[in-house]
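*Asks:* sequence-free structure coming up:
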């Protein structure tokens with residue numbers, strides 16, 4: 001590890017050369033021209049909060065350098081480098097700085113390139129900005145472990161090519177493992193295990209808290225007409241010319257020419273009600289797609305992503321009553337999982353708190369540190385952490401995914417970390433969205449207790465209790481003397497349902513029905529009554545992590561598309577957040593930072 005001093009200074013400092021939150025405009029006065037090393041011990045001419053903030057930022061980036069170099073294991077780096085070599089040999093990426101023809105090694109260390117992407121996501125900046133800051137910003141150069149200003153940094157094209165390389169590596173590993181994979185989730189897992197080991201497992205509870213949030217994808221809203229036209233146009237552009245000539249629709253000159261005109265106009269210049277030959281234009285486009293799908297017999301074409309997307313759009317937007325006669329589905333029959341934009345096939349629609357979201361949903365899990373209560377000089381109780389909280393995993397799925405779908409992967413990731421540092425997972429805690437009899441049983445099978453906060457909404461008017469004879473005992477909550485017996489009734493879908501009769505507000509007898517979901521909700525509410533206020537407060541703190549992950553997003557929209565690409569970005573950002581926690585905790589409680597860097601494993 002580089003011996004990076006912390007009492008930094010410069011021979012000359014001028015506000016026009018450096019501002020804490022901007023680029024360094026001139027570095028000549030900051031380093032020794034003989035050997036290029038920074039003159040750290042020189043007395044700085046700038047003082048006050050600006051200097052303190054700058055030094056603090058440099059110290060944080062030094063800790064980031066240490067953590068990433070430790071958490072990015074040699075096995076992980078070697079696997080990525082082998083993949084990069086194979087991709088370079090296939091000329092997938094033509095950047096010579098990633099792979100050299102002579103020895104197959106890259107010009108820049110892989111860990112340095114991984115760190116650059118973490119800096120990019122944590123600061124929420126573009127590729128161009130991170131490149132410029134690696135050139136001129138001393139804080140970023142600290143994170144890269146560069147003490148000599150003559151040492152070159154990766155070019156802009158190299159950073160972009162490496163980002164593409166990591167994304168392809170994640171896709172390859174996802175296909176091999178059969179589950180979502182991100183190299184930064186692996187780095188985060190190693191960092192979490194190191195954190196627990198360094199600060200002591202006795203300073204961590206066995207509780208893992210989870211929370212999820214919707215994320216808007218980097219896509220524009222499209223109407224149904226725009227979705228159909230854009231997908232059809234994309235497929236025709238991708239289709240080889242000799243296969244275009246085989247389409248029966250192409251031989252119908254008038255209709256083929258008309259379709260090309262429609263696609264040329266684009267969906268934005270066509271309204272949903274626009275009619276042609278007595279039918280809405282979108283229905284006519286469905287007729288064209290049906291003919292194209294019938295004509296495609298080439299197995300190679302069927303594997304083209306654009307063709308699969310065309311089939312998906314047709315099945316989502318149309319129903320085929322008779323061959324060659326598609327019928328347009330009503331808006332209410334369109335699933336929330338339907339295609340929102342061809343640029344992000346993974347995006348789906350969700351409305352949360354009256355805010356529509358077209359994109360994905362992210363979930364974060366973290367180990368909770370122990371607390372101790374002390375008394376300050378004024379006699380007030382002060383609650384202090386014994387260690388920094390530890391992010392264990394980040395997960396991403398479609399916006400329509402249920403919160404309970406994230407539980408099992410989050411617990412499995414936390415258990416892997418716990419096994420590495422001889423710790424354990426005893427409780428997983430979330431809000432009401434994670435509740436349910438099924439998830440509770442699933443967690444019990446894993447040896448973990450599920451604790452959730454209260455469900456939203458008021459309690460039902462009646463309480464229910466399933467009897468041994470299959471009936472349900474119904475009790476009025478406002479008057480326990482009023483009890484009723486609900487008897488099973490037949491249903492078309494085979495689900496269990498009960499019926500009973502009770503008076504309404506006007507005293508008139510009214511038939512009421514009970515479903516299995518009603519019984520499940522009541523059971524969940526009964527379990528949640530045992531949750532104490534202190535436990536509820538413990539879960540609430542995980543929302544701070546969610547806010548950090550979403551910091552810098554404009555209108556809650558991330559700048560990427562696709563589940564794996566968003567997972568890549570969020571997990572990289574989580575590494576930066578976790579390092580910041582380690583740094584802040586160390587500064588607050590007087591832990592020697594150089595010693596921390598040297599002793600970190």
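*Replies:* Thanks, I have the structure now. Just so we're clear, the structure is a prediction, and the values are computed from it rather than from any experiment.
*Asks:* what helix or strand does the residue nearest to residue 474 when sequence neighbours are not counted sit in?
*Replies:* Closest residue in space to residue 474, ignoring its immediate chain neighbours: residue 484 at 4.2 Å, by C-beta to C-beta, 6 or more residues apart in numbering. All C-beta spots, glycine's among them, are computed from the backbone N, C-alpha and C. For residue 484, the element it lies in under DSSP states H and E is strand 479-489.
*Asks:* list the neighbouring strands of the helix or strand that that strand is followed by plus their orientation.
*Replies:* Next along the chain after strand 479-489, taking DSSP H and E as the criterion, comes strand 497-503. Note on strand 497-503: by DSSP bridges, its sheet partners are strand 479-489 (antiparallel), strand 509-515 (antiparallel).
*Asks:* quick check: buried residues in whatever helix or strand comes next after the shortest one?
*Replies:* By that I understand strand 509-515. Sequence-wise, the next helix or strand downstream of strand 509-515 (DSSP H and E) is helix 516-528. Using 16 or more other C-beta atoms under 10 Å as the burial criterion, the residues of helix 516-528 that qualify are 518, 519, 521, 522, 523, 524, 525, 528.
*Asks:* list the helices and strands the biggest helix by length in the chain packs on?
*Replies:* For the chain, the helix with the greatest residue count under DSSP state H is helix 563-588. Packing contacts for helix 563-588, counted by 3 or more C-beta pairs under 8 Å, 6 or more residues apart in numbering; DSSP states H and E, involve helix 49-71, helix 110-123, helix 156-177, helix 183-199, strand 355-369, strand 390-398, helix 542-550, helix 593-599.
*Asks:* so of those, which one's packed in deepest?
*Replies:* Greatest average neighbour count among the helices and strands packed on helix 563-588 goes to strand 390-398 (a mean of 25), per mean count of other C-beta atoms under 10 Å.
*Asks:* strand partners of that one, parallel vs antiparallel please.
*Replies:* Assessed with DSSP bridges, strand 390-398 is paired to strand 355-369 (antiparallel).
*Asks:* next, the angle from the strand it pairs with to helix 183-199.
*Replies:* For strand 355-369 against helix 183-199, the angle by axes from the mean of the first three to the mean of the last three C-alpha atoms, to 10 degrees is 30 degrees.
*Asks:* how about whichever helix or strand comes after strand 355-369: buried residues?
*Replies:* Using DSSP H and E, the helix or strand that directly follows strand 355-369 along the chain is strand 371-375. Within strand 371-375, no residue counts as buried by 16+ other C-beta under 10 Å.
*Asks:* for whichever helix or strand comes after strand 371-375, name the packing helices and strands.
*Replies:* Moving toward the C-terminus from strand 371-375, the next helix or strand (DSSP H and E) is strand 381-385. The contact analysis (3+ C-beta pairs under 8 Å, 6+ apart) places strand 381-385 against strand 371-375.
*Asks:* average pLDDT across stretch 566-585?
*Replies:* Mean pLDDT, stretch 566-585: 92.
*Asks:* same deal with stretch 467-478?
*Replies:* Averaged over stretch 467-478, pLDDT sits at 80.
*Asks:* for residue 519, give me its contacts.
*Replies:* 464, 466, 472 (C-beta atoms under 8 Å, 6 or more residues apart in numbering).
*Asks:* that older thread, how about the strands paired with strand 497-503, which one is nearest residue 187?
*Replies:* Between residue 187 and these, the shortest separation by C-beta to C-beta is 45.7 Å, and it involves strand 509-515.
*Asks:* what's in contact with that closest one?
*Replies:* Residues outside strand 509-515 that contact it (C-beta under 8 Å, 6+ apart): 462, 464, 472, 474, 486, 489, 495-504.
*Asks:* domain assignment for this structure?
*Replies:* The chain breaks down by automatic domain parsing into domains covering 28-178, 187-217+357-453+531-578, 224-333, 462-516.
*Asks:* which of those domains sits most buried?
*Replies:* domain 187-217+357-453+531-578 (a mean of 19).
*Asks:* so where's this protein uncertain?
*Replies:* Applying pLDDT under 70 to the chain picks out residues 1-54, 88-106, 149, 240-279, 297-300, 321-324, 454-459, 526-540, 594-595, 597-601.
*Asks:* let's see 50
*Replies:* Along the chain, the parts satisfying pLDDT under 50 run over 1-46, 90-94, 101-105, 271-273, 275-278.
*Asks:* farthest pair in the contacts of strand 509-515?
*Replies:* Applying C-beta to C-beta across those, the maximum distance is between 495 and 503, 26.9 Å.
*Asks:* so for residue 308, which of the strands paired with strand 497-503 sits nearest?
*Replies:* strand 509-515 (37.4 Å).
*Asks:* what is the orientation angle of the closest one with helix 516-528?
*Replies:* Interaxial angle, strand 509-515 versus helix 516-528 (the same axes, to 10 degrees): 70 degrees.
*Asks:* if I've got this straight, residue 218 is in a helix?
*Replies:* No - under DSSP: H, G, I helix; E, B strand; the rest coil, residue 218 falls outside any helix and is assigned coil.
*Asks:* from residue 342, how far off is it?
*Replies:* Distance, residue 218 to residue 342, using C-beta to C-beta, to the nearest Å: 13 Å.
*Asks:* neighbour-wise, which of these two wins?
*Replies:* Comparing residue 218 with residue 342 by other C-beta atoms under 10 Å, the one with more neighbours is residue 342, at 21 against 18.
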